[in-house]
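Engineer: here's a sequence, model it:
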Amino acid sequence: MTKDSQPAHAESAQQRFERILSQAPFEGLKAILDRISPNREVVCAGVLVTSSYEELVSRLGYKLTLTKQIHVQDSYSKLGLPGGIKAVLPYHDIPSQSSLPTLLNSDATLTTTAKAAAFFNGLLSELKKQLNARA
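Structural biologist: Below you'll find the predicted structure:
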């Protein structure tokens, strides 16, 4: 192998996606994406072709609904009820000291606050920026 040739095991686009998404700043976004789609290739493709968090959620089969406030403890009491909540995804962003919970509902909706949606939209933008940067 010459200096200018590719290494024997170059990182695939999917591996790069998983590596970057697994970094600490993206842990909240990763938790949501892990819950709404087990198909990592579909998630990766969705991230690459969408331009917003809402569009990504929609592409993965969910509708994003916004609410003023989410009471996380109350949400746990509705977990598993027919037509209720499938998963409570609490997330606390330490740098901004913000609570940014998301609810995954049985009716294929994702409920969150406007603040959380804006936060995850920003994370998605940063993720796309890092994915598009050349190593």
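Engineer: and the strands in this structure?
Structural biologist: Using DSSP state E, the strands of the chain run over 63-67, 85-89, 92-93, 98-99, 102-105, 109-113.
Engineer: so what strands line up beside the fifth one?
Structural biologist: Right, the one you point to is strand 102-105. Here strand 102-105 is paired, per DSSP bridges, with strand 85-89 (antiparallel), strand 109-113 (antiparallel).
Engineer: got the buried residues for the first one?
Structural biologist: Of the residues in strand 85-89, 85, 87, 88, 89 count as buried by neighbour count, 16 or more other Cβ atoms under 10 Å. Using the backbone N, CA and C atoms, a C-beta is placed for each residue, glycine as well.
Engineer: wait, the second one sits on residue 101?
Structural biologist: No: checked against Cβ atoms under 8 Å, the pair residue 87 and residue 101 is beyond contact range at 10.8 Å.
Engineer: next, format the strands of the chain as JSON lines and append distance to residue 120 and mean pLDDT.
Structural biologist: Below are those laid out as JSON lines (distance: least, Cβ to Cβ, whole Å; pLDDT from 0 to 100):
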{"stretch": "strand 63-67", "distance to residue 120": "10", "mean pLDDT": "97"}
{"stretch": "strand 85-89", "distance to residue 120": "11", "mean pLDDT": "95"}
{"stretch": "strand 92-93", "distance to residue 120": "10", "mean pLDDT": "93"}
{"stretch": "strand 98-99", "distance to residue 120": "11", "mean pLDDT": "94"}
{"stretch": "strand 102-105", "distance to residue 120": "8", "mean pLDDT": "96"}
{"stretch": "strand 109-113", "distance to residue 120": "8", "mean pLDDT": "97"}
